[in-house]
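Enquirer: Structural data only, the sequence is not supplied:
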């Protein structure tokens, strides 16, 4: 079993107990073919919870600074995460993302480009839309609530909604 497979098998159990998560819309993830998950981003927990919620493997873009720690960088690379240089169009990251989609994979993108400090939606960039159009991928609007543990008093409850595909 791959490292990704092991995590995909164990994380849902951990999240069900620890985060009391609720997932809606897993039926909206295509059984095969490419898709872009376009999600809001409020916490460091968003990528693993969204990835664990999806019935298929998901690749994520992540700021390149996360890869500077050799151990953490090794782990996230083996979970299908690849670096992106923020602040402009990172051609290498775009090429990697397009390659994932052209091979029929799922790519999760946080269109705002960073975590929201307030929980409110910010201005989205056009990268998710551009990659979906170039590869004829469906876009799955994805929403997550409750993953910012600093805002909770008591036991958290995380909700993930995987919306209907947009073509």
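Expert: It's in. Model, not experiment: these values are computed from the prediction.
Enquirer: Pull the residues that contact the lowest-mean-pLDDT helix or strand in the chain.
Expert: Lowest on mean pLDDT, DSSP states H and E among the helices and strands of the chain sits helix 3-18, with a mean of 81. Helix 3-18 is contacted from outside by 1, 21, 48-49, 51-53, 57, 75, 78-80, 156, 158, using CB atoms under 8 Å, 6 or more residues apart in numbering. For glycine as for every other residue, the C-beta is placed from the backbone atoms N, C-alpha and C.
Enquirer: count of neighbours near the residue lying closest to residue 78 once chain neighbours are set aside?
Expert: With sequence-adjacent residues excluded and distances taken as CB to CB, 6 or more residues apart in numbering, residue 78 is closest to residue 3, at 4.5 Å. Per other CB atoms under 10 Å, the neighbour tally for residue 3 reads 13.
Enquirer: show me the contacts for residue 61.
Expert: By CB under 8 Å, 6+ apart, the contact list for residue 61 reads 81, 82, 83, 84, 93, 97, 107, 108, 109, 110.
Enquirer: ugh, typo on my part, it should be residue 72
Expert: Contacts of residue 72 by CB under 8 Å, 6+ apart are residue 66.
Enquirer: likewise residue 59?
Expert: Counted by CB under 8 Å, 6+ apart, residue 59 has contacts 80, 81, 82, 97, 100, 105, 106, 107, 108.
Enquirer: and it, helix, strand or coil?
Expert: Three-state call for residue 59 (DSSP: H, G, I helix; E, B strand; the rest coil): strand.
Enquirer: Would you mind giving me the confidence score for residue 121?
Expert: In the prediction, the pLDDT value recorded for residue 121 is 59.
Enquirer: and what of residue 109?
Expert: In this model, residue 109 carries a pLDDT of 91.
Enquirer: how close does it get to residue 29?
Expert: From residue 109 over to residue 29 the distance is 15 Å, taken as CB to CB, to the nearest Å.
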